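*Asks:* Fold the following.
(chains A and B)
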Amino acid sequence: MEYNSFNTQSSFIQKVKNFDYILLTCILMLGIISAFSMYSTDGGEILFHSKSHISKFLIFFPTMIFLSFLNIKFWHYTAYFFYIIILIFLIWASLYGVKASGSQRWINLYFINLQPSELMKIAIIACLAKYYHRVQLDKVNSFQTILIALVVLILPIMLVISQPDLGTSILIALSGLVIIWLAGLNVKYFLYSFLTLLTLLPFFISFLKPYQKLRILTFLDPDKDPLGAGYQIIQSKIAVGSGGLMGKGFLKGTQSYLEFLPEKHTDFIFTLFAEEHGFVGALLLLLIYIIIIYRVIRIGSISRSYFAKLFCYGYGSAIFFYVTVNMSMVLGLLPIVGSPLPIMSYGGSSMLSTMIGFAIVMSAKINHKQLIA
Amino acid sequence: MLGEDLNVKKTHTINRRMFIIAAAKFFVFSGIIVKLFSLQIKENKKYLTLSDKNRLREWKLPPVRGEFLDYFGNVIAGNLKVYQLHIIPEQVEDFRYLMVRLKEILKLSNSAYNKIIKQKQTQKPWETLIVSENLTWDEFTKVNYFLHDLTGAKPVLSVSRDYPFKENYTHVLGYVSEASENDILNNKSIKKNHVPGLKVGKTGLEKRFEGDLIGTNSIQRYEVNAYGKRINQIDHKDGLKGKTIRLTLDTEVQKLCNELLKDLAGSISVMDIYTGEIIAMHSSPSFDPNLFLFGIGQDDWQLIRNNPLKPLVNKTLSGLYSPGSTIKPIVALSALENNIISKDFKVNCTGKIEMYGQTYHCWKKKGHGYVNLKSAMKQSCDTYFYEIARRLGVDRLKLTSLKFGLGKKVLSKTFDNEKKGLVPDTKWKKNNLGKGWVIGETLITGIGQGYIQTTPLQLCLMTAQIGNGGFKIYPKIIANNEDNNTAEKIKSLMQKNLKKATEKNSSLMEAGGQLLELISEKRHEPLFQNPENIKLVTEAMFASTNEVRGTSYSSRIEDKKYQFAGKTGTSQVKRISERDRELDLKTIEIPYNERDHALYIAFGPYKSPRYALSIVIEHGGSGSTTAAPIAKKLFKLIIDRHKLREEIKNQESLKI
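*Replies:* This next block holds a predicted model:
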């Protein structure tokens, strides 16, 4: 207890000293790399996308540092509230949301168009982390505990699927499931539900929208319709493949600047990067993400509170999902589902959500000895 | 205590399960790295090619067509600079507006306008659309003046075919016009070099030598974006100009032929009797091939197509005529060669003979009286030739005719419209008409009527091979480098061959070695058994032109430099009935289509022969009044040009 109180009253300087500088450096590097990549998608000029992206990073990065000074207890305290607010936002979006390109994902907050599903990616982790923080190990497999966790998880998923936004809902589901798994849910439940899912798959597929079915078919055989549905993935593979070992050079990605690459500033930003900087560049970028994930999980491992531990483990895994789903998608290993690459992809809500996540992790680092009752 | 224990266990569970996830992460990351490796390192070449295929696009520019030169190096089919108006549809913002403006400015007709709109729909948006292939200078300046209002329109300087001698070479060269789908399908080099608006040879030598003439495209490579817009030029490769082809023809002679045949339907061929070079080859009436370059107008086309004198037919090669009396030198030669007659053999011509119940008339009603070979040829006595043909038989006549070039194509594969003609024999009739040969048919074949059909060029070759002393020659129209033996060389070769032939006759049993040599030098071999026979025939032809009462005596030239020997011919196109014979109408009084064809063959100068010619005037009346006078005018020019021709032969610069 002495230890504890000493820690909470630690000075500002102490907190600054306790920052994870490796993590901070990696995030900053990603920010710089993303700025250059965005500059390249604009064809070597500072136009709308690069301007907007850079200014967002310049706002959200300091915000993240500022939020890091909040005690982990604050995040624990507000976790449910955070989740409920975002849930309300999601309902709001489904009722009064801004429509764009066939889906209703955004709410108009006058100064920004917010995509609550992106924030839900963090809120679900925080909420479930708080939930399991309290639950005793022997109660984890009780029916009541499982039911509440599932309701908390399924509510936002349904809302996001109905937008429709398959990619984000999958990422939310994966993030939530990771926490449930870490909390100690019996392996057999995972096994059973996996088998049930497998048998129900045809049933689910019949519920998919035609364009989603098409995406799955396209994934299975992209050359079937090379100028239509298969176009994105074929052009993306050509771009990555033609990059070679060292890449075509900064601003020299022909697939990109000649407009063959679709959505190059959002989901396909990795394609552009791999085309211009080659295998070496792609590996370096991957390495930065791996270091980030490693640092986040390491912070979890030194955290003393279950909330902080579960959140860091959960968030570390979530970043892993974001990165691998995005990369697998652009490399043709998974069907095309909308999923941004953290910090690299253009999009304010995604960056805000990522930065809040890092702020909580950083707070956990600073207060890693903090116990939460 | 229990709580502590549970807490430790909880931490353990969380950490253990995190470790399992971490292990899974390791595999997933490895998978991504492997995929990256396979795309970027292993299959890099494949994807690099695909990426280049995406971004690079080639534009082919029309190749520059090779030219045709006459023997003296004058361009007879060249390339002319023309002003054109091009549009690349994808670079035009408002295509309709642009077209409406252009229609106003160029005063395009509705049909031309619609044709362009239709053309646009059939081609890719980055391909050049040709609005006008041949703008006048006025139109060109007008377009340039309004250019600020015509975004996307491009006035360009291009080249187009040009035939400076207009109708003079039409049937030899043919003409070019826009390539049709069939042209592209049937000709590999057209397919390879095709661009919209490309002109290719449609007939004549233009068609025959398409592969040599066409050249290769200049290629511009551009980097384009996903929408096909040109971003920047990567490189430019100049194409090769097509091969220049030099012909053996002489433009001056060709022009005179055209003049002499003005308003007539007919043909003139002139040939070097040693080298086989064709000096002139003209079919009349002709037409201006320049009309076809940019699509011929309906009016012009109807005028050409409906002309009763048939300007579209190359009469020199595909016109088939009964040779009439011009066959007589061959009949006489065949009879001499087969020892049917001697030079003193005489026939009494009474104007007609009765044979096998039929009456066969001589052209001269009163008859020629007793005639020998020379006087019969000179006066073209039909009765004499009925008699010797009867004795000779058609089968033996055919052998001689074939030897001298009748019944087969003269220029073999050079012209696809050349006809073979027909020299009949008993077998031919049996096989083709299913009937036996009648002796009367032999008689009329002996005066070049009946089944026998020849092209004017065949008659020219026949005359040339008589004129050079009876040796085989190889006619040609392309003046190429290989096989350019001079006349002197050929002459000496002919003499050598003759000597060998006579030696072979005298000592038939001589060693095989010499025989082999004979086979290997099977060029310009003699076409006769006895040179004396050729001499008799040529003397008779000389008499026909240069002695009193000869059929072409009035067309003679007395100056030894130009003096020529010839034979007239008048070929019936219709059986002459008894009534016609009684009426004895003048040519002018007979309907055009029933008038006789007038023919004339000749070689000269008689002292040392060098050139042969054949003249056919369709429905021209008699050979002596219509055809022979043309030869007189022509020979002067041919002989006068001879010296120039010899000089040019040695000029290196023209050896292409």
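*Asks:* Excluding sequence neighbours, find me the nearest residue to residue B:410.
*Replies:* residue B:457 (4.8 Å; CB to CB, 6 or more residues apart in numbering or on different chains). (C-beta placed from N, C-alpha, C; glycine too.)
*Asks:* contacting residues for the one you found?
*Replies:* Applying CB atoms under 8 Å, 6 or more residues apart in numbering or on different chains to residue B:457 gives the contacts B:269, B:278, B:281, B:316, B:317, B:410, B:411, B:418, B:475, B:614.
*Asks:* How about the residues of the stretch 251-373 of chain A by chain B?
*Replies:* For the stretch 251-373 of chain A, the contact set with chain B under CB under 8 Å from any CB of the partner chain comprises A:254-255, A:257-260, A:274, A:278-279, A:282-283, A:286, A:290, A:293, A:297, A:300-301, A:306, A:309-310, A:313, A:317, A:320, A:324, A:327-328, A:331-333.
*Asks:* Ends of stretch B:130-148, what's the gap?
*Replies:* Start-to-end span of stretch B:130-148 (CA to CA, to the nearest Å) is 19 Å.
*Asks:* ok, residues contacting it?
*Replies:* B:82-87, B:101-102, B:105-106, B:116, B:150, B:153, B:155, B:158, B:160, B:196-197, B:293-294.
*Asks:* from the chain's centre, how far out does that stretch sit?
*Replies:* 36 Å (CA atoms, centre = their mean, to the nearest Å).
*Asks:* OK, contacts around the residue in chain B that chain A sits nearest to?
*Replies:* Distance from chain A to each residue of chain B (CB to the nearest CB) is smallest for residue B:47, at 2.6 Å. Contact partners of residue B:47, counting by CB under 8 Å, 6+ apart, are A:237, A:238, A:240, A:241, A:242, B:39.
*Asks:* Is the last one in contact with residue A:240, as I believe?
*Replies:* Yes: the pair residue B:39 and residue A:240 passes the contact test of CB atoms under 8 Å, sitting 5.0 Å apart.
*Asks:* Over to residue 77. Which of the three states is it?
*Replies:* This is for chain A. helix (DSSP: H, G, I helix; E, B strand; the rest coil).
*Asks:* that answer is for a different chain, and I need it for chain B
*Replies:* strand.
*Asks:* That one bridge partners, please.
*Replies:* residue B:68 (DSSP bridges).
*Asks:* count of residues packed around it?
*Replies:* 30 (other CB atoms under 10 Å in any protein chain shown).
*Asks:* Now do it, the pLDDT please.
*Replies:* With respect to pLDDT, residue B:77 has a value of 94.
*Asks:* Is residue B:597 in contact with residue B:568, as I believe?
*Replies:* No: counting by CB under 8 Å, residue B:597 stays clear of residue B:568, with 11.6 Å between them.
*Asks:* in the stretch 301-450 of chain B, what spans have low per-residue confidence?
*Replies:* By pLDDT under 70, the stretch 301-450 of chain B contains no weakly predicted segment.
*Asks:* mind running it again at 90?
*Replies:* B:343, B:352-359, B:364-365, B:412-414, B:416 (pLDDT under 90).
*Asks:* For it, which segments count as helices?
*Replies:* For the stretch 301-450 of chain B, the helices defined by DSSP state H, counting those that start in this stretch cover B:315-318, B:328-337, B:373-379, B:382-392, B:394-403, B:426-433, B:439-446.
*Asks:* any chance of those helices in JSON lines, with mean neighbour count too?
*Replies:* Formatted as JSON lines, those follow (neighbours: other CB atoms under 10 Å in any protein chain shown):
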{"stretch": "helix B:315-318", "mean neighbour count": "24"}
{"stretch": "helix B:328-337", "mean neighbour count": "26"}
{"stretch": "helix B:373-379", "mean neighbour count": "24"}
{"stretch": "helix B:382-392", "mean neighbour count": "24"}
{"stretch": "helix B:394-403", "mean neighbour count": "20"}
{"stretch": "helix B:426-433", "mean neighbour count": "13"}
{"stretch": "helix B:439-446", "mean neighbour count": "22"}
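*Asks:* Give me the nearest residue to residue B:378, chain neighbours excluded.
*Replies:* residue B:543 (4.2 Å).
*Asks:* can you tell me the average pLDDT over the helix or strand harbouring that neighbour?
*Replies:* When elements are defined using DSSP states H and E, residue B:543 is found to belong to helix B:531-546. Averaging pLDDT along helix B:531-546 gives 94.
*Asks:* Neighbouring strands - and their directions - for the very next helix or strand once past it?
*Replies:* Tracing the chain past helix B:531-546, the next element assigned as helix or strand by DSSP H and E is strand B:565-571. Partners of strand B:565-571 in the sheet, by DSSP bridges, are strand B:597-604 (antiparallel).
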